[in-house]
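# I need the structure of the sequence given here:
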Amino acid sequence: MWHCFGCGEGGDVFSFVQKVEGLEFADVLRMLAEKAGVKLQKQDPQIQSQRKGGYEICELASRFFERQMASKPGQLALEYLKSRGVSSESITDFRIGWAPDSWQSLRDFLRGESYSDKEIESAGLIVKRESDEVGVSQRSDPRQSAIEYHDRFRHRIMFPICDSQGQVVGFSGRIFDKVKGKTVHPEAGKYINTPNTLLYNKSLALYGIDKAKSAIRDLGSCILVEGNLDVVMSHQAGVKNAVATCGTAFSQDHSRILKRYTDKIFLAFDADSAGDNALKKSIGIAMSSGLSVSVVSIPMGKDTADAVKENPLLWKESASNPIPYIGHLISRSMENFSGTLDSKKIVLANVLPFIKIIASPLDRDFWMEELSRRVGVSKDVLNMELKRALPIDSPQQASGPVFLAGKAQDISKLPGLRQEEYLLSLLMRYPELKKRIGDEELELFSQPRFISMAKNVLAGEENIASFADSSIVLLSEALGDFEIDAEGEFNKIVLSLKKQNLHSKMQMIQSDIKKAEAERDSASLELLLKEFNELSKKLVNL
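I've put the predicted structure just below:
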């Protein structure tokens, strides 16, 4: 028996191991029986034998791939990994290997270890010639026509996939396109994974879970990244609670597995991916399963691996400061918000389906309050709209969130100075906008002459031509020929300039961060990282 005097929880040895290791009862029973030397009665000896053989075959295959890294093509793959920033220690720790550009090298090795073709095929490592395996070109090598079985993984960088106990159950192979392979079809997929076997199920597998589970429990959260290399690089940077799905979208089964360790997941993706359909569905699954979902904005590049290579400390800082997904979605949906009825409808259509599936009533109420405050719609009305909100997987929702579009999309592509000129022309043409200009808005102008013009407009100077550029005066006069929403245009241009201003400040801080790293100035580095993170949060919340 055990008892925690801190929280009052207690139980027997089985519940203790379940709690510490995050295992199901059946797995605890097997583990403890093995440690105690107790033989459990097998319900199906044949399946048990097949599982044992499968583990042995996968382990031998992993060792084989690791050894192939010493070959000449393997060394080229090794150089590629190091060019991506992967350290020798990470390559060893994650047991990354190389599958030779050969039809039967792995099969021959495993046959030499006394395993039959049927057993090797059952482990997902070889393919019968008649099958339609993607990436096989019988015409590319005449010798292949005489082969009954061929290796599934050829000319690929190999990532072993382990279960939560660290046993190899499958593989993910990334094609090495820096050198042309003789046994790989030109249209072969970039990644191929082990098919579902007795040991491996892609809907259950999480790459890196064996190495991440302790950190997930300790930190109380899990970071879900996109691919194998993202996991490796995140762990290398010290963010060890990162995992990835294996060639499939996040599923209910993945949610169930992660809930053994935590009730919080952080998704690492670029801000422009917020409307991605597969991602939206994954978030819906996680939230409906009772998981709290937040977003880790990737500070540089479009994937975690690139971000870590560029600046590992910045990645650690971002991973430590996630943003709740609902808050992120509200901000993203309101980028060009004008306060009109249509714009409110669009924001509610984007956000309410996600609030609807939040399992916690307290969390749901919090986000309803926040949405009410930011959009300007009463909670009573929101509650009525919530009942009518479409499910996330409905056909109408399948196209993803609809973010507000319009003239601001074009404005944001204009050079900064042209945007400032447009803002000045709006102020000159529509005097009622002057009340919207304060010190914060004046700081958006990058040149003293523009600040001076704005101040003259605010002061009520009537002879505009005496202090304003002729091009701005002409633009102001031209606006009178069009029917535009002056308030909406003002909001759009100010938002765009605020974003540019924040991006510019963040770029300067990034340069200072690199300088502080080079000089090993830890005090300055800490302050700079804090300032960068604050600006990043402001950018997301705009």
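
# Distance check, Leu386 against Gly247.
According to C-beta to C-beta, to the nearest Å, Leu386 stands 35 Å off from Gly247. Just so you know, the C-beta spots here come from the backbone N, C-alpha and C atoms, and that holds for glycine as well.

# before we move on, what about Lys498?
Taken as C-beta to C-beta, the span from Lys498 to Gly247 is 40 Å.

# Leu219 reaches Asn241, doesn't it?
Yes. If you go by C-beta atoms under 8 Å, Leu219 and Asn241 touch, sitting 5.1 Å apart.

# Arg107 and Lys118 touch, don't they?
No. Using C-beta under 8 Å, Arg107 is not in contact with Lys118; the gap is 11.9 Å.

# So for the two, which sits in the more crowded spot?
Remark: of Arg107 and Lys118, Arg107 carries more neighbours, 23 against 10, as counted by other C-beta atoms under 10 Å.

# With adjacent residues omitted, what lies nearest to that one?
Nearest residue to Arg107 in three dimensions, chain neighbours excluded: Ile126, at 5.0 Å (C-beta to C-beta, 6 or more residues apart in numbering).

# Who has more neighbours out of Leu219 and Asn241?
More crowded of Leu219 and Asn241, by other C-beta under 10 Å: Asn241, with 27 against 19.

# Could you double-check that the more buried one lies in contact with Lys211?
No. Using C-beta under 8 Å, Asn241 and Lys211 do not qualify as a contacting pair, with a distance of 9.7 Å.

# Show me the contact partners of whichever strand or helix holds Val169.
Following DSSP states H and E, one finds Val169 within strand 168-175. For strand 168-175, contacts defined as C-beta atoms under 8 Å, 6 or more residues apart in numbering pick out 54-55, 58-59, 61-62, 65, 95, 99, 124-125, 152-153, 155-163, 181, 184, 188-194, 197, 199-200, 205, 207, 228-229, 246-247.

# make it 7 Å
Strand 168-175 has contacts (C-beta atoms under 7 Å, 6 or more residues apart in numbering) with 58-59, 62, 99, 124, 153, 155-163, 184, 188, 190-194, 197, 199-200, 205, 207, 228, 246-247.

# With just CA atoms, put it into CSV.
What follows is strand 168-175, C-alpha atoms only, in CSV (Å, rounded to 0.1, in the frame of the first residue of the first chain):
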residue,chain,number,x,y,z
VAL,A,168,10.9,-0.7,-31.2
VAL,A,169,7.6,-1.4,-32.9
GLY,A,170,8.0,0.2,-36.3
PHE,A,171,9.8,2.7,-38.4
SER,A,172,9.5,5.9,-40.3
GLY,A,173,11.7,6.3,-43.3
ARG,A,174,12.6,9.7,-44.9
ILE,A,175,13.8,9.5,-48.5
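
# now that strand, how far from the chain's geometric center?
20 Å (C-alpha atoms, centre = their mean, to the nearest Å).

# Partner strands of it and their direction?
Strand 168-175 has the following strand partners under DSSP bridges: strand 156-162 (antiparallel), strand 191-193 (antiparallel).

# Return the most buried member of those strands.
Neighbour counts averaged per stretch over those are highest for strand 156-162, at a mean of 25; criterion: mean count of other C-beta atoms under 10 Å.

# Least confident secondary structure element in this protein?
helix 407-411 (a mean of 42; mean pLDDT, DSSP states H and E).

# Touching the next helix or strand after it from outside, list them.
Of the helices and strands lying after helix 407-411 in sequence (DSSP H and E), the nearest is helix 416-429. Contacts to helix 416-429, defined as C-beta under 7 Å, 6+ apart, come from residues 411, 433-434, 437, 445-446, 450, 453-454, 457, 464, 468, 471-472, 475-476, 479-480, 486, 489-490, 493, 496-497, 500.

# what comes up buried for helix 416-429?
416, 419-429 (16 or more other C-beta atoms under 10 Å).

# do stretch 253-269 as well
253-255, 257-262, 264-269.

# Could you identify the most distant pair in these?
Within the buried residues of stretch 253-269, Arg260 and Phe269 form the most distant pair, 24.0 Å apart (C-beta to C-beta).

# Please tell me how far Leu292 sits from Pro361.
Careful, residue 292 is Ser; it's not Leu. On the measure of C-beta to C-beta, Ser292 and Pro361 end up 14 Å apart.

# now Ser88
The gap separating Ser88 from Pro361 is 50 Å, by C-beta to C-beta.

# just Val494 next, same as before
37 Å.

# So which elements touch the host helix or strand of Ser331?
Assigned by DSSP H and E, Ser331 belongs to helix 325-333. When contacts are defined as 3 or more C-beta pairs under 7 Å, 6 or more residues apart in numbering; DSSP states H and E, helix 325-333 packs onto strand 292-297, helix 341-356, helix 361-375, helix 522-541.

# again, only this time at 10 Å
Judged by 3 or more C-beta pairs under 10 Å, 6 or more residues apart in numbering; DSSP states H and E, helix 325-333 is in contact with strand 264-269, helix 277-288, strand 292-297, helix 341-356, helix 361-375, helix 522-541.
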